[in-house]
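> quick one, fold the following:
(one chain, ligands or ions: 2)
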Amino acid sequence: MIDAAAFDLDVVEEEIAVLPGAKTRMWTYGGDFPGPTIRRPVGERTLATFRNKLPAKAGELTVHLHGAHNTSADDGQPGGLTNNLRASMYCDISNRLTPAESGNDLLIEHGGQRTYTYDFVEGGQPERAAMHWYHDHRLDRTSRNVWRGLAGMWISDDALDASLPLPRGSRDIPLMICDRSFDRKNQLTNPFSDSAHAPNDGIVGNRILVNGAVLPHHRVHACRYRLRILNASQFRNYNLVFEGGVTVTQIGTEAGLMPKPLKRRRILIGAAERVDLIVDFSRAKHSNVVLKSVRRGNSPGGIGSRAYAGPLMQFRVGKPIPDSTSVPAALRPLPGWVESAPQSPSKTWTISIGKGFAPPWLINGRTFDPAYVEHRPKLGTVETWKLVNKTTATHLLHIHHTDWYLLSRNGKPPPPWEDCLKETFLMDPGETLLVAGRFSDYPGKFVIHCHMLDHEDHGLMSQFETVA
Ligand code: C2O
Ligand code: CU
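Ligands and ions are numbered 1, 2, ... in the order given. Below is the predicted model:
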């Protein structure tokens, strides 16, 4: 765990113990997978320096602190074409762009380094505490770079969260779920190679890892725990269930605490979504509780719509201990601007698919181009956006810069677990969402994209530019 106001992480190839037997060569932040968990108070500046010490063939890197409100330059821009990436497989990008036009001036070259400034301030106030994560975001290469290991968790804390009687310390546990496949020598497979099967558009692994381990177990007391769960998979959804007499209360999403807690049984979590849960193990003393993923009962079918089925990890519950924690009936109220959000959209973002043998994904008819801006919202305003999925696949649309309130899903009010702020939205085929967000502080370009990482690499990304 890192809690320093300034820290350096070398991005290095390292041998990581993932499976029994031979170690796995991975690309890592600081020699660990997942990268070190970073824990920082909001409203205080953090300077994070990343040094690209990967083999030269990895090319340029860029680090995105997912869910934080950052300047455009510190947001981990994907960049454009370079000598290491002479053409994009799916995106139509000019190779004549200047470094500033393409965002290449913000990339971390082989042997180079970059210090990102994270202030965790929004609209002059400290941001809301939340579970964030950091990962690579390079044009065309995000899926490969994350698959090889470039992902870690980041927890931010604030006074309101700290004032609640929630479990903390060793009873506040971040869990990163992702999937990977390995060869017989325990090395990661390479679904990105230019083999007969490439390009692979929805990479799944046959092993599910929780905090980098297959089917781990964790010893807990028979009391309440806070589990912050991140789906860091390229593509897979999980439909989480705790088996064995525990109560599960959701208190937050990727955008921090919800207005009020919500009892949950099955929790569907798509790529990049997070859930913040209070799990009460008190009735499960001296037994094992399995966290598993089950089929999604209401899956519409189609690419990306299903959920993994199988166990993820086990909690070995010991004896009860005195527990002074509780889940308050009120957590964090919605911000005031939600009330006054426009009911009709000022911008529509429509996901579709192009033509051809390996068609690109499109937003508003285009693939990603770092020099193209689709929309220019004004800083200090609240806008309502309409998100439309016109494809036969499920997507996980993620919007950078700020958090969003879901006004409606297919014309209906949001379900209770989405009646709160979020920044990544699961969109089944044919769905239409209305979301409202407030733009503040930083003028510049920010991306909106599908967080199924192959979709993002295969065109499903666009850009807006906030203007003063
Ligand atoms: Cu986690 Cu634009 O990404
Ligand atoms: Cu997608």
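
> for the rest of this, base every contact and every neighbour count on C-alpha atoms.
Fine.

> what residues does the protein put near ligand 2?
By the rule Cα under 5 Å from the ion, the part of the chain lying against ligand 2 is 395, 450, 452, 455.

> which one is the residue in the stretch 151-300 of the chain that ligand 2 sits nearest to nearest to, not counting chain neighbours?
When distances are taken as Cα to the ion, the stretch 151-300 of the chain reaches nearest to ligand 2 at residue 235, 8.1 Å away. Spatial nearest neighbour of residue 235, excluding adjacent residues (Cα to Cα, 6 or more residues apart in numbering): residue 452 at 4.7 Å.

> the one you found: neighbour count?
Other residues lying near residue 452 total 29 when counted by other Cα atoms under 10 Å.

> residue 209 versus that one, what's the distance?
Distance, residue 452 to residue 209, using Cα to Cα, to the nearest Å: 17 Å.

> go on, residue 224?
With Cα to Cα as the criterion, residue 224 and residue 209 are 24 Å apart.

> higher neighbour count, these two?
residue 224 (28 against 23).

> for whichever residue of the stretch 251-400 of the chain sits closest to ligand 2, list each beta-bridge partner.
Scanning the stretch 251-400 of the chain for proximity to ligand 2 using Cα to the ion identifies residue 395 as nearest, at 3.7 Å. Residue 395 forms beta bridges with residue 427, as assigned by DSSP bridges.

> was I right to think it contacts residue 450?
Yes - counting by Cα atoms under 8 Å, residue 395 does reach residue 450; the two are 6.0 Å apart.

> please parse this protein into its domains.
6-162, 169-317, 336-466 (automatic domain parsing).

> contacting residues around residue 46?
Contacts for residue 46 (Cα atoms under 8 Å, 6 or more residues apart in numbering) come out as 4, 5, 6, 40, 117, 118, 119.

> pretty sure the residue of the stretch 151-300 of the chain closest to ligand 2 is in a helix, no?
No - counting by DSSP: H, G, I helix; E, B strand; the rest coil, one finds residue 235 to be coil, located in no helix.

> ramachandran angles for it?
Backbone dihedrals for residue 235, given as degrees, to the nearest 10, come out at phi -150, psi -30.

> how about the strands in the stretch 201-350 of the chain?
207-210, 213-214, 217-222, 224-231, 237-243, 247-253, 256-263, 267-269, 274-280, 288-293, 307-308, 310-320, 347-353 (DSSP state E, counting those that start in this stretch).

> and residue 103, which of these is closest to it?
strand 347-353 (22.7 Å; Cα to Cα).

> tell me the buried residues in that closest one?
348, 349, 350, 351, 352, 353 (16 or more other Cα atoms under 10 Å).

> can you check stretch 246-256 too?
Here stretch 246-256 shows 246, 247, 248, 249, 250, 251, 252, 253, 254, 255, 256 as buried, counting by 16+ other Cα under 10 Å.

> and of the residues you listed, the nearest to residue 129?
Out of the buried residues of stretch 246-256, the member with the shortest distance to residue 129 (by Cα to Cα) is residue 256, at 5.7 Å.

> residues near residue 48, how many?
Neighbours of residue 48 (other Cα under 10 Å): 17.

> low pLDDT regions in the stretch 51-200 of the chain?
194-199 (pLDDT under 70).

> got the end-to-end distance for stretch 253-272?
Stretch 253-272: ends 11 Å apart by Cα to Cα.

> as a whole number, average confidence for it?
When pLDDT is averaged over stretch 253-272, the result is 98.

> and the residue lying closest to residue 450 once chain neighbours are set aside, what helix or strand is that in?
Leaving aside its sequence neighbours, residue 450 sits nearest to residue 397 (Cα to Cα, 6+ apart; 4.4 Å). Secondary structure from DSSP states H and E places residue 397 in strand 395-399.
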